[in-house]
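Engineer: Pasting the sequence and the predicted coordinates here, then a few questions.
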Amino acid sequence: MTYRLELGETVAAGAARVAWEELPSAIDGLAAADAAGRDKAVHEARKSLKKARAVLRLVRDGMDPSTYREQNAALRDAGRGMSAARDARVLVDTLDGLTGRFADLLSPGAFSPVRDALAAEHEQLQACRAGDGAGVDGAVAAIGAARDAVDRWDVRDGPSLLPGGLRRIYARGADRFAEARAEPGPERMHEWRKRAKDLWYSTLLVAPAWPGPLGALADEAHTLADHLGDEHDLAVFAERVLADPGRFRSEADRATMADLAERRREELRSAALGLGRRVYAERPKAFVRRLAAYTRAWRDDGGGDDAFAGTEE
């Protein structure tokens, strides 16, 4: 399974192939996972669904709007049944990240009771989901249905399909970056993260045209999405854990953890905004022109159709 468009295949065919190949790994991983490996399986399944949605967004201009909305909702909803357990696990991991990063400022085991309580909540939620049949089995069925629906994408190919999709994805990311830079609150940073992930996955799809530069861009978009994801996790941690004084032995403990969480969030926001200035340094039209030049050279070297044939020189 390779998450990329291949030389010589149409964009429509390549998009469907990539989505078709991506989703079985999510099904297989969930079905094979035991209790100890379920968190990782859920993480990988959710990632596969997001990658499939990124492909869908890339080719949405070639789809009937109602079909796009239907298929996007199917992929989105397939992951929702796994979100509660994932969110509970993230609270544990976020606390671990903070206590590890700032270990020199904390007494050993100072927040162990908080961690134990969060871990117990996660385990209880996992057990409940497994017991009521709404967990893994439901997710496997939903992902299977979403995979079967790929046959109904019915994407109309054309010279503007890929450049139009990439331009829209890059432009939306640049817009969300500008909004986050003006007011870096949790909601704006989270919306920017979604669009950064779209750019990451879309760049991976076309990276074979010139693996060095495009691979580097994909890596930087990945790093950007990770910074924004960690910042969002800390925002959720603040809302669900730090806002509840009853979780802590004292107000001093709660205040200490709140200060460290905000310090880390500021580090992540600063890193993300700095990286965003580089990732979104180009105008969308210039970005697509550059990628068009790469794919033309790729085509000339290896033969096959030019997915950017309609792009202006």
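Structural biologist: The structure has been received and is ready for your questions.
Engineer: max-length helix in this structure?
Structural biologist: Counting residues, the longest helix found in the chain (DSSP state H) is helix 251-279.
Engineer: Pull out the buried residues from the following helix or strand past that helix.
Structural biologist: Sequence-wise, the next helix or strand downstream of helix 251-279 (DSSP states H and E) is helix 284-302. Buried residues in helix 284-302, counted by 16 or more other Cβ atoms under 10 Å: Pro284, Phe287, Val288, Arg289, Leu291, Ala292, Tyr294, Thr295, Arg296, Trp298, Arg299. In short, each C-beta sits where N, CA and C put it, glycine included.
Engineer: hmm, back to that, helices and strands around the longest helix of the chain, which ones?
Structural biologist: helix 83-101, helix 161-182, helix 186-206, helix 211-237 (3 or more Cβ pairs under 8 Å, 6 or more residues apart in numbering; DSSP states H and E).
Engineer: The last one vs helix 284-302, what angle?
Structural biologist: Translated: helix 211-237. Orientation check (axes from the mean of the first three to the mean of the last three Cα atoms, to 10 degrees): helix 211-237 against helix 284-302 gives 140 degrees.
Engineer: The second one too?
Structural biologist: Between helix 161-182 and helix 284-302, the angle comes out at 140 degrees (the same axes, to 10 degrees).
Engineer: per-residue confidence averaged over helix 161-182?
Structural biologist: For helix 161-182, mean pLDDT is 97.
Engineer: Now do it: distance to the chain's middle.
Structural biologist: On the basis of Cα atoms, centre = their mean, to the nearest Å, helix 161-182 sits 15 Å off its chain's mean C-alpha point.
Engineer: Quick check: buried residues in it?
Structural biologist: Neighbour-count burial for helix 161-182 flags 161-174, 176-177, 179-181 (criterion: 16+ other Cβ under 10 Å).
Engineer: what comes into contact with it?
Structural biologist: Contacts to helix 161-182, defined as Cβ atoms under 8 Å, 6 or more residues apart in numbering, come from residues 11-12, 57-62, 155, 188-189, 191-192, 194-196, 198-199, 202, 206, 272-273, 276, 279-280, 282, 284-285, 287-288, 291-292, 307-308, 310-311.
Engineer: Would you pull up how far stretch 97-116 lies from the middle of the chain?
Structural biologist: On Cα atoms, centre = their mean, the centre of stretch 97-116 falls 28 Å from that of its chain.
Engineer: What distance separates the opening and closing residues of that stretch?
Structural biologist: Chord length of stretch 97-116, first to last residue, is 15 Å (Cα to Cα, to the nearest Å).
Engineer: tell me which residues of that stretch are tucked away?
Structural biologist: Gly97, Leu98, Thr99, Phe102, Leu106, Phe111, Val114.
Engineer: ok, those residues vs Ala84, which is closest?
Structural biologist: Closest approach to Ala84 among the buried residues of stretch 97-116 (Cβ to Cβ): Val114, at 19.7 Å.
Engineer: Now do the contacts for the closest one.
Structural biologist: Counting by Cβ under 8 Å, 6+ apart, Val114 has contacts Leu95, Val241, Arg247, Phe248, Met257.
Engineer: can you check Asp253 too?
Structural biologist: Ala110, Phe111.
Engineer: cool, and Leu118?
Structural biologist: Contacts of Leu118 by Cβ under 8 Å, 6+ apart are Ala88, Leu91, Val92, Leu95, Val241.
Engineer: Turn these into JSON lines, columns for distance to Val150.
Structural biologist: Output for those, formatted as JSON lines (distance: Cβ to Cβ, whole Å):
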{"residue": "Ala88", "distance to Val150": "31"}
{"residue": "Leu91", "distance to Val150": "34"}
{"residue": "Val92", "distance to Val150": "35"}
{"residue": "Leu95", "distance to Val150": "39"}
{"residue": "Val241", "distance to Val150": "39"}
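Engineer: Compile the residues you listed into JSON lines and extend it with columns for distance to Leu7, pLDDT and neighbour count.
Structural biologist: Formatted as JSON lines, the contacts of Leu118 follow (distance: Cβ to Cβ, whole Å; pLDDT from 0 to 100; neighbours: other Cβ atoms under 10 Å):
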{"residue": "Ala88", "distance to Leu7": "44", "pLDDT": "91", "neighbour count": "20"}
{"residue": "Leu91", "distance to Leu7": "44", "pLDDT": "97", "neighbour count": "21"}
{"residue": "Val92", "distance to Leu7": "44", "pLDDT": "97", "neighbour count": "21"}
{"residue": "Leu95", "distance to Leu7": "47", "pLDDT": "98", "neighbour count": "20"}
{"residue": "Val241", "distance to Leu7": "49", "pLDDT": "97", "neighbour count": "20"}
